[in-house]
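J.: Provided below for reference: sequence and predicted model.
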Amino acid sequence: MHHYFLTLINGKAPLCTIQCLKSICKNLLSSRFQFKIGVLHLGDAPFDIIIDDGSHVPWHQIFTLESIFHTWLKPGGLYIIDDLETSYWDAPRARIYGYDILDAGIGKRGSAVEKLKGMVDVLSRKVRRCRLDPYRHRM
């Protein structure tokens with residue numbers, strides 16, 4: 001998966017990963033990339049790309065997104081969350097790595113996917129307001 005992202009960014013953007021497997025990192029480290037792995041601090045510069053390859057628990061993913069999206073991602077940057085499939089786990093007592101999957105599923109508040117859909121809705125409304133109404137401004 002990480003190799004696909006390296007192809008996308010063409011080795012030119014600073015890259016932040018929230019968590020990365022040691023074996024993958026060894027293959028990716030080169031002079032073309034700047035990596036920040038681990039804890040972010042308020043003094044850290046914003047990043048062009050953030051890859052959240054951490055917890056698979058939807059409410060952890062939502063917390064991380066809400067905590068770092070506006071603080072550490074540059075305007076126009078790319079924020080990637082790996083392992084979103086658990087946002088669809090709505091079975092009673094669903095768990096992963098000892099954590100309960102709370103209120104997840106389609107349309108549920110505990111789904112990281114639903115949080116992202118909401119962000120797309122907000123962005124789309126902002127873009128729509130900036131455009132002229134095609135029916136009122138015909139030539």
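T.: Nice, thanks for sending it over. Residues are numbered from 1 along each chain as shown.

J.: quick check: the nearest residue to residue 57 once chain neighbours are set aside vs residue 89, distance?
T.: Spatial nearest neighbour of residue 57, excluding adjacent residues (Cβ to Cβ, 6 or more residues apart in numbering): residue 99 at 4.6 Å. Placement of C-beta: from N, CA and C, glycine included. As judged by Cβ to Cβ, to the nearest Å, residue 99 and residue 89 stand 11 Å apart.

J.: hang on, the earlier thing: number of nearby residues for the residue nearest to residue 57?
T.: 15 (other Cβ atoms under 10 Å).

J.: surely it touches residue 86?
T.: No - Residue 99 is not in contact with residue 86 according to Cβ atoms under 8 Å; the separation is 9.6 Å.

J.: who's in contact with the residue nearest to residue 57?
T.: 55, 57, 60 (Cβ atoms under 8 Å, 6 or more residues apart in numbering).

J.: what are the contacting residues of the longest helix along the chain?
T.: Counting by DSSP state H, the longest helix found in the chain is helix 112-130. Residues outside helix 112-130 that contact it (Cβ under 8 Å, 6+ apart) are 58, 59, 61, 62, 65, 81, 84, 87, 88, 106, 107, 108.

J.: list the buried ones in that helix?
T.: 112, 113, 114, 115, 116 (16 or more other Cβ atoms under 10 Å).

J.: which residues in the protein form strands?
T.: Along the chain, the segments classed as strands by DSSP state E run 15-17, 35-37, 47-52, 73-81, 95-96, 99-100.

J.: can you list the ones you listed in CSV and add mean pLDDT and distance to residue 125?
T.: Listed next are these as CSV, based on pLDDT from 0 to 100; distance: least, Cβ to Cβ, whole Å:
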stretch, mean pLDDT, distance to residue 125
strand 15-17, 52, 28
strand 35-37, 64, 33
strand 47-52, 83, 24
strand 73-81, 88, 18
strand 95-96, 94, 34
strand 99-100, 93, 33
